[in-house]
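A.B. asks: Any chance you could fold what I've pasted below:
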Amino acid sequence: MDKKTTFVKMSLYDYEHIKECQSNHKDLINEIKSLLTPTNIEDGSPEIVIDKEKLEKFLFNFASDCLNLKDLDFSQIVFLYK
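C.D. replies: Residues are numbered from 1 along each chain as shown. From the prediction side, this is the model:
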């Protein structure tokens, strides 16, 4: 394939949508990183502390959307850990 003669056309809408997706992805990664506190303990084993309340609120937003439960509030949900 000749890269000099190959063109890709994209509408401004598509370009803006891609940029929005990239921004949303960065925001999601930063949100996940904010839930964790990685540290090294003395024997060299890593330790990751998870903020349980932040994690549950974060997951609650996904669960509400997936279950189409817009009127459910955070105090009505129970988290079970396996």
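A.B. asks: Now do the contacts for the residue positioned nearest the centre of the chain.
C.D. replies: Centrality entry for the chain: nearest residue to the mean C-alpha point is Leu28, 3.0 Å, by CA atoms, centre = their mean. Going by CB atoms under 8 Å, 6 or more residues apart in numbering, Leu28 touches no other residue. For glycine as for every other residue, the C-beta is placed from the backbone atoms N, C-alpha and C.
A.B. asks: can you pull the alpha-carbon coordinates of whichever strand or helix holds it into CSV?
C.D. replies: Assigned by DSSP states H and E, Leu28 belongs to helix 12-34. Coordinates of each C-alpha in helix 12-34 appear next as CSV, following Å, rounded to 0.1, in the frame of the first residue of the first chain:
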residue,chain,number,x,y,z
LEU,A,12,-15.8,16.7,11.9
TYR,A,13,-18.5,15.0,13.9
ASP,A,14,-16.6,11.7,13.8
TYR,A,15,-13.4,13.4,14.8
GLU,A,16,-15.1,15.2,17.7
HIS,A,17,-16.7,11.9,18.8
ILE,A,18,-13.3,10.2,18.8
LYS,A,19,-11.8,13.0,20.9
GLU,A,20,-14.7,12.8,23.3
CYS,A,21,-14.2,9.0,23.7
GLN,A,22,-10.5,9.5,24.3
SER,A,23,-11.3,12.1,27.0
ASN,A,24,-13.9,9.8,28.6
HIS,A,25,-11.4,7.0,28.6
LYS,A,26,-8.8,9.2,30.4
ASP,A,27,-11.4,10.3,32.9
LEU,A,28,-12.4,6.7,33.6
ILE,A,29,-8.8,5.6,34.1
ASN,A,30,-8.2,8.5,36.4
GLU,A,31,-11.3,7.7,38.4
ILE,A,32,-10.2,4.1,38.8
LYS,A,33,-6.7,5.2,39.8
SER,A,34,-8.2,7.4,42.5
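A.B. asks: Now it: average pLDDT?
C.D. replies: Mean pLDDT, helix 12-34: 92.
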